[in-house]
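S.K.: would you be able to build a 3D model of this:
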Amino acid sequence: MAEPGYRIRPIEASDDPAIAAIIRTVMPEFGAVGCGFAINDPEVDWMSRAYAEPRSAYFVVERDGRILGGGGVAPLEGGDAGTCELRKMYFLPEARGLGAGAAMMARCLQAARGFGFSRCYLETLGGMDAAMRLYERSGFQRLGAPLGATGHGGCNTFYALDLQPPPASV
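M.R.: Below you'll find the predicted structure:
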């Protein structure tokens, strides 16, 4: 099997400007501008610090020394202690179709399980069809209403996944 041509690693402070630029480039592509979207979260400019908090992690996709996207998990604001949120998972167009989304999802869910979360929640926007297919392939189930208090009132599609321990290796 060929190497994917990218690597996923924990975010570093030097990655903050690149991730902020990616978020601010990708979100408008899907109409996610204005109040109620993560693009306005203050943490966008200092992701490495925001995800250094307990039970939080953010990862970047890097190819040839260039950051092409990222994604992370953190406790769900206003949620129960057993629920995390998949947060700020965005990729530049050149990272799409490489399998980076599925690999990032696996890495984030692995981190969530390692932090002891029993459920993972996410919010998205209708029209992000490829992302929703990835969520559904990963086992997420659509919810009828949001959970927690994320402040992302612009999102209109919600998913959750019960985090079962991965099967034991044979």
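S.K.: residue ranges for the strands of the protein, please.
M.R.: 7-10, 57-63, 66-75, 83-91, 119-124, 141-143, 157-162 (DSSP state E).
S.K.: need those strands in TSV with distance to residue 48 and mean pLDDT, can you?
M.R.: Where you see a C-beta, it was placed from the backbone N, CA and C, and this is true even at glycine. As requested, these are exported to TSV (distance: least, CB to CB, whole Å; pLDDT from 0 to 100):
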stretch	distance to residue 48	mean pLDDT
strand 7-10	9	96
strand 57-63	7	96
strand 66-75	10	96
strand 83-91	12	93
strand 119-124	21	93
strand 141-143	30	94
strand 157-162	26	93
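S.K.: between those, which gets nearest to residue 26?
M.R.: strand 83-91 (4.2 Å; CB to CB).
S.K.: quick one: that closest one to chain centroid distance?
M.R.: 2 Å (CA atoms, centre = their mean, to the nearest Å).
S.K.: likewise for stretch 135-145?
M.R.: 14 Å.
S.K.: tell me the buried residues in that stretch?
M.R.: Neighbour counts over stretch 135-145 (16 or more other CB atoms under 10 Å) mark 135, 138, 140 as buried.
S.K.: residue ranges with poor pLDDT in this structure?
M.R.: 1-4, 28-41, 152-153, 165-170 (pLDDT under 70).
S.K.: where do the helices of it begin and end?
M.R.: Assigned by DSSP state H, the chain shows helices spanning 16-29, 47-50, 100-114, 129-137.
S.K.: wait, what's in contact with residue 139?
M.R.: residue 161 (CB atoms under 8 Å, 6 or more residues apart in numbering).
S.K.: quick revisit: reformat the helices of the chain as JSON lines; add distance to residue 90.
M.R.: Shown next, in JSON lines, are the helices of the chain (distance: least, CB to CB, whole Å):
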{"stretch": "helix 16-29", "distance to residue 90": "4"}
{"stretch": "helix 47-50", "distance to residue 90": "11"}
{"stretch": "helix 100-114", "distance to residue 90": "10"}
{"stretch": "helix 129-137", "distance to residue 90": "9"}
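S.K.: so which of those gets nearest residue 164?
M.R.: For the helices of the chain, the distance to residue 164 is smallest for helix 100-114, at 8.5 Å, taking CB to CB.
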